[in-house]
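Enquirer: Mind folding the following:
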Amino acid sequence: MVNQFRLTKVPNNVESAINTLETKPKEFALYLDESGSPKPSPDDSSPFFAMGGVLIERSNEAIINSLLVDFKNC
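Expert: Next up is the predicted model:
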């Protein structure tokens, strides 16, 4: 199964497209996750700390959630 993201239409007039992008504020969601000890020591079984994250546009959040559900159900 191949999933595709929906693309938004861009106006033919480039100036109109630029004005639309500049005047419309975007909202984002940042999802973070961490692993390991916040104060790692050599005595720990895994003496490491890692943090990762994903930044997405809020307008794409529902699409991404749907794709994740599909992926988990495979």
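
Enquirer: pLDDT on the helix or strand hosting Ala62, on average?
Expert: Element membership for Ala62 (DSSP states H and E) is helix 61-72. Here helix 61-72 scores 92 as its mean pLDDT.

Enquirer: Any buried residues in that helix, and which?
Expert: Buried residues in helix 61-72, defined by neighbour count with 16 or more other Cβ atoms under 10 Å: none. C-beta coordinates here come from the backbone N, C-alpha and C atoms, glycine included.

Enquirer: how near is Asn73 to Met51?
Expert: 28 Å (Cβ to Cβ, to the nearest Å).

Enquirer: So the nearest residue to Glu61 once chain neighbours are set aside, which state does it fall into?
Expert: Distances taken as Cβ to Cβ, 6 or more residues apart in numbering put Ala29 closest to Glu61, at 5.9 Å, once the chain neighbours are dropped. Three-state call for Ala29 (DSSP: H, G, I helix; E, B strand; the rest coil): strand.

Enquirer: burial count for Leu30?
Expert: 8 (other Cβ atoms under 10 Å).

Enquirer: OK, contacts around it?
Expert: By Cβ atoms under 8 Å, 6 or more residues apart in numbering, the contact set of Leu30 is Gly53, Val54, Leu55.

Enquirer: Hmm, Ile64 is touching Ile56, no?
Expert: Yes: if you go by Cβ atoms under 8 Å, Ile64 and Ile56 touch, sitting 6.0 Å apart.

Enquirer: okay, and the common contacts of these two?
Expert: With Cβ under 8 Å, 6+ apart as the test, Ile64 and Ile56 reach no residue in common.

Enquirer: which residues of the chain fall in helices?
Expert: Applying DSSP state H to the chain gives helices spanning 14-23, 61-72.
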